[in-house]
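Enquirer: any chance you can model this:
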Amino acid sequence: MSDFTTWDILRNLLLATRWTLVLSLISFLGGGILGLAILFLRIGKSPVGRYFARGYVELFQGTPLLMQLFLAFFGLGLFGIDVPAWLAAGAALICWTAAFLVEIWRGCVESIPKGQWEAGQSLALNHFQQMRLIILPQALRIAIPPTAGFSVQVIKGTALTSIIGFVELSKAGTIVTNATFQPFVVYGFVALIYFAVCFPLSKFSKHLERRSAAAYATR
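Expert: Sure, this is the predicted structure:
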């Protein structure tokens with residue numbers, strides 16, 4: 001007989017949810033910084049930079065996140081380097097997140113009319129100045145809804161880190177199930193917690209999309 005109450009199960013899962021949220025935040029912020037740097041290469045004038053950025057995006061979008069986690073965790077182990085699960089999980093998710101954010105933001109930047117670029121050139125601004133002062137401020141408003149929507153995918157992607165031993169919500173669900181022998185109750189709570197975290201973000205993203213569409217229609 002298990003001495004775990006329903007509250008004990010829920011409390012342990014909620015404690016693990018903290019690490020899901022922390023990992024999601026680190027992945028999203030780190031991926032955003034890395035993605036912004038690669039974005040400048042992706043739309044820059046250097047052919048080498050564009051080829052590198054395109055290759056990076058195709059590599060991380062074209063391979064499963066699970067494989068990337070395995071390589072981050074076990075790859076350096078081949079050289080005798082011990083990589084903590086949290087470090088491997090964070091590094092893999094940051095690289096994976098950046099690859100998708102680059103393409104989201106590239107689409108937003110390319111949606112800005114070419115006349116805006118020409119206006120920057122007429123002011124004798126270089127490419128970086130045009131991006132910083134003219135293009136990015138306009139693209140930011142367009143990029144907010146899809147970026148907020150992608151944050152849901154990042155949160156759900158953290159569930160795969162359980163395979164390399166990082167104890168987040170999914171891994172905690174497995175541990176609690178092994179202790180309580182109540183998989184239906186445990187994974188039911190896990191699903192509800194994921195829903196409680198992701199659903200508001202999804203609704204917020206749709207709200208931003210409607211506002212953005214309304215603002216564009218009134219221009």
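
Enquirer: what about the helices in the protein?
Expert: Taking DSSP state H to define them, one finds helices in the chain at 6-42, 47-61, 65-74, 85-110, 114-122, 127-130, 136-157, 169-180, 183-217.

Enquirer: just want the angle from the second one to helix 6-42.
Expert: Using axes from the mean of the first three to the mean of the last three Cα atoms, to 10 degrees, the inter-axis angle of helix 47-61 relative to helix 6-42 is 160 degrees.

Enquirer: from the contact counts, what lies against helix 47-61?
Expert: When contacts are defined as 3 or more Cβ pairs under 8 Å, 6 or more residues apart in numbering; DSSP states H and E, helix 47-61 sits against helix 6-42, helix 85-110. For the C-beta atoms, the positions are set from N, CA and C on the backbone; glycine is no exception.

Enquirer: what's around Phe4, how many residues?
Expert: 17 (other Cβ atoms under 10 Å).

Enquirer: and Leu101, by the same measure?
Expert: Neighbours of Leu101 (other Cβ under 10 Å): 26.

Enquirer: with Leu36 instead?
Expert: 14.

Enquirer: contacting residues for it?
Expert: Each residue near Leu36 by Cβ atoms under 8 Å, 6 or more residues apart in numbering is listed here: 101, 105.

Enquirer: coming back round to it: most packed of the helices of the chain?
Expert: helix 85-110 (a mean of 21; mean count of other Cβ atoms under 10 Å).

Enquirer: give me the distance between Leu169 and Glu118.
Expert: The gap separating Leu169 from Glu118 is 50 Å, by Cβ to Cβ, to the nearest Å.

Enquirer: wait, Pro84
Expert: For Pro84 relative to Glu118 (Cβ to Cβ), the value is 50 Å.

Enquirer: now Trp105
Expert: 21 Å.

Enquirer: how about Leu192?
Expert: In this view, Leu192 and Glu118 are 52 Å apart by Cβ to Cβ.

Enquirer: excluding its backbone neighbours, what's nearest Ala89?
Expert: With sequence-adjacent residues excluded and distances taken as Cβ to Cβ, 6 or more residues apart in numbering, Ala89 is closest to Thr161, at 4.0 Å.
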